[in-house]
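Asker: Got a sequence here, can you build the structure:
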Amino acid sequence: MSLVKEDYLSYAMAVLVGRAVPDLYDGLKPVQRRIIQTMFEEGITPDKKYVKCARVTGLTMAYYHPHGGAYGPLVNMATTWTNNVTWVDGWGNFGSSVDGPAAERYTECKLRPSAVDLLLQDKITWETGPNYDGSRQEAIRFNTAIPTVLLNGDTGIAVGFATKLAPHNLRDVVKVVEALGKGKKIDPLVPDFPTGCDIVKDEQLDLYSQTGSGSVRCRAKYESSIQKRDGRVKDRPMVTFTNLPPGVNPEKLGEQIRDALEKGRIENIAEVVDESDLSGDRVSVVAKPGTDPEFLAKQLFAYTDLDTKYPAKTLVIDGTRPVELSPTDVCKKWYQWRMACLERKFQHEQDLKETRLEIVRGFLKAIDKIDAVIKIIRASSSPKEAITELVLNRTLKFTPDQARAILEMRLRQLTNLDQGELLTEETLLIESLAELKILIEEPTKRSEWLVKQVVELAKRHGNTRTSALIEPPDGFTAQKSERGSSAPRVSKPRFLKVDIKKGTVEQAKGPRGALILDPKEKLISLTSDGILRKLPANFKGPLSSAFTPVTLAKRELDVVEKRFLTVFVLENELRAVVLSGEDLCRSTSKGKRWLPEGAELIHFAEGSYKVSWKSPRKKGVTLDLQTKAGRPGSRGVKVGSLIDITL
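Answerer: Here you go, the predicted structure:
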């Protein structure tokens, strides 16, 4: 058992760190990093021509990623409707929000300038490790110039962990980094979706900004207009939706509108037209003459994903462990890491310039004593002997590196060296080394250098926000519009007759002995076998083969915020299950089993009953249930309402 536990833990960590969750510091999953490194090393850079995607994915799998196909991640890094800053420049059919891309043998790609500037800086100082077979060195993470993990939204599911990153605007992220470098107050980061949808200000948005977890309410933009028609045909109102929320495409939206029409939630729609093109998704909903377009827009926002929530969770890999951070905390951790990276970068540059300065001074000394240098070289029988003589000569006293550099030069180069150029280079090297010494030893100066770099990158690659912040809009109300003749027609209520004993629903001519529903209400039924069913107002037919103990006919928006208690007997013990209104509304007409196998429902009659409920986690509680049987014109039989009861 211990071996199984260890193996499973190793597998879980491998999936978590090596596949599913992005890195905190460069914002990439391993497969994305391997694709970009392969393209960079193969010279598929912005200044070169496009190459086949099949070549890139093949080399990536051969060099670094033998675990599966790499074309999907490559396409994701090239699509503008899912990324604020794309890393790959795609040529060909890379799909759309609805359609998939062409096969990799038909498409071409190369790196974008943003990838080179933001991801691929200072290759010599990358953290690297051996690839899967030890034949090459692959990057553990890139030395990114800004917190790229916040730029493009991403998702990942590992063993016991899941992440859903929200995208942010590059300039907004740079402002936070700039505030960190200057010690100023940091403004909370708000997501910026590449589709350009509006973001509603609410408590969940504040929660996300503070903790990194929360739902971001996204809302499409819309405009009302009139569709002009020829002849005696009346003009029709039209509502056009653009900048759809993330994950919502015209095809999905059309299905939701058709479903809402079939269930009677929305009326007076003549047609739905998909006007999407390369510029973005665009859907026009044409209404019947006399319909209020503003009222129709409110209905569409209420019953489709035109107004939806993006469940964000900022879970990233910090080293080798998963951490959940707020966007601001991500920037703070990245800032500390970047300061350490810059120290290593400047230290490496200092070593290179000190080596070059030593060589330049050796050349200057060789020019002054060119005759002695030539005499020693001509008298030596081998390069090794010449280097030794140049180093040991008391007059010259060259270092080994200087002697080696002089010996590797041709004689004509040595005699024609421009002493003035070497003196200028020596001066520049001395000044540069002095600046590097300050940047290495003084964190404040290093921070100023960092801020200057990110500001320049924001000017080069940043753009204005596409997602505007808006106040919470007015909710949908099924009231007649005040515009008089343009008010939408309100359909008559439907009358349903529920036979409790037979478990059937029939259409009734009038309210006597029937449930009164309008098109916006639902009939929710819990059958004796524990199957929960949600039926539209125009439903007609059997509910189950047995009687129906629970029927709720309430407006769906009223049901969501409540909880309902169902009492049953299982193994000679009285038990209960709490059904939230949200779960009730999520169920489908096909039904979902809520009760355990073998449970027997209790159907209460009129009057008050005190029952003891035995919970497996808590002590027994006595519940006072006020219940009543159905009667003509009532809203059905409700088993119990948990309003004042605490379980």
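
Asker: Distance from the helix or strand containing residue 365 to the middle of the chain?
Answerer: Residue 365 belongs to helix 327-368 when assigned by DSSP states H and E. Averaging C-alpha positions (C-alpha atoms, centre = their mean, to the nearest Å) puts helix 327-368 35 Å from its chain's average.

Asker: all helices of the stretch 201-350 of the chain, in order?
Answerer: Listed in chain order, the helices of the stretch 201-350 of the chain (DSSP state H, counting those that start in this stretch) span 203-211, 250-262, 293-303, 327-368.

Asker: tell me the contacts of residue 364?
Answerer: Going by C-beta atoms under 8 Å, 6 or more residues apart in numbering, residue 364 touches 419, 422, 423, 426. From N, CA and C alone the C-beta is placed, and that goes for glycine too.

Asker: if you set the cut-off to 7 Å instead, what comes out?
Answerer: 419, 422 (C-beta atoms under 7 Å, 6 or more residues apart in numbering).

Asker: Would you mind measuring from the spatially most central residue of the chain to residue 243?
Answerer: Closest residue to the average C-alpha location of the chain: residue 153 at 2.7 Å, with C-alpha atoms, centre = their mean. In this view, residue 153 and residue 243 are 16 Å apart by C-beta to C-beta, to the nearest Å.

Asker: re the thing from before, please tell me the pLDDT value assigned to the residue nearest to the centre of the chain.
Answerer: On the pLDDT scale, residue 153 is placed at 85.

Asker: quick one: low-confidence parts of the stretch 451-600 of the chain?
Answerer: Residue ranges of the stretch 451-600 of the chain with pLDDT under 70: 475-505, 507-523, 526-534, 536-565, 578-594.

Asker: count of residues packed around residue 235?
Answerer: Residue 235 has 10 neighbours, counted by other C-beta atoms under 10 Å.

Asker: cool, the one 3 residues further on as well?
Answerer: Other residues near residue 238 number 20, with proximity taken as other C-beta under 10 Å.

Asker: C-terminal to the helix holding residue 365, what's the next element?
Answerer: Later in the chain than helix 327-368, the nearest helix or strand by DSSP H and E is helix 370-379.

Asker: I'd like to know which elements that following helix is packed against.
Answerer: Counting by 3 or more C-beta pairs under 7 Å, 6 or more residues apart in numbering; DSSP states H and E, the packing neighbours recorded for helix 370-379 are helix 383-392.

Asker: Pull the helix it packs on out as CSV, backbone CA atoms only.
Answerer: Taking C-alpha atoms only, helix 383-392 is exported to CSV below (Å, rounded to 0.1, in the frame of the first residue of the first chain):
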residue,chain,number,x,y,z
PRO,A,383,51.4,27.7,-29.9
LYS,A,384,51.6,26.3,-26.4
GLU,A,385,55.3,27.4,-26.1
ALA,A,386,54.4,30.9,-27.6
ILE,A,387,51.7,31.4,-25.0
THR,A,388,54.1,30.3,-22.2
GLU,A,389,56.8,32.7,-23.4
LEU,A,390,54.4,35.7,-23.7
VAL,A,391,53.1,35.1,-20.1
LEU,A,392,56.5,34.5,-18.5
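
Asker: got the contact list for that helix?
Answerer: 376, 377, 380, 396, 398, 399, 400, 403, 404, 406, 407.

Asker: May I see these organised as CSV, with pLDDT added?
Answerer: Compiled in CSV, these are given as follows (pLDDT from 0 to 100):
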residue, pLDDT
376, 84
377, 82
380, 82
396, 80
398, 86
399, 87
400, 87
403, 86
404, 87
406, 83
407, 82
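
Asker: out of the residues you listed, which are buried?
Answerer: 376, 377, 380, 396, 398, 403, 404, 406, 407 (16 or more other C-beta atoms under 10 Å).

Asker: can you pull the buried residues of stretch 122-130?
Answerer: Counting neighbours by 16+ other C-beta under 10 Å, the buried set in stretch 122-130 is 125, 126.

Asker: Quick one: end-to-end length of that stretch, please.
Answerer: Start-to-end span of stretch 122-130 (C-alpha to C-alpha, to the nearest Å) is 19 Å.

Asker: what do you get for stretch 395-404?
Answerer: One end of stretch 395-404 to the other measures 17 Å (C-alpha to C-alpha).

Asker: So which of the contacts of helix 383-392 belong to helices?
Answerer: Assigned to helices by DSSP state H, the following of the contacts of helix 383-392 qualify: 376, 377, 400, 403, 404, 406, 407.

Asker: Number of residues surrounding the nearest residue to the first one once chain neighbours are set aside?
Answerer: Pointing back at residue 376 there. Counting by C-beta to C-beta, 6 or more residues apart in numbering, residue 376 lies nearest to residue 389, which is 4.8 Å off, once chain neighbours are set aside. Neighbour count of residue 389, defined by other C-beta under 10 Å: 18.

Asker: where's residue 389 relative to residue 358, distance?
Answerer: From residue 389 across to residue 358, the span is 19 Å (C-beta to C-beta).

Asker: Which one of the ones in helices among the contacts of helix 383-392 is nearest to residue 295?
Answerer: Nearest to residue 295 among the ones in helices among the contacts of helix 383-392, counting by C-beta to C-beta, is residue 404 at 84.5 Å.

Asker: Quick check: closest non-adjacent residue to that closest one.
Answerer: Distance criterion C-beta to C-beta, 6+ apart; nearest residue to residue 404, sequence neighbours excluded, is residue 387 at 5.9 Å.

Asker: Residue 224 too?
Answerer: In this structure, residue 224 finds its nearest non-sequential neighbour in residue 293, 4.0 Å apart by C-beta to C-beta, 6+ apart.

Asker: show me what contacts the one you found?
Answerer: 224, 237, 239, 287.
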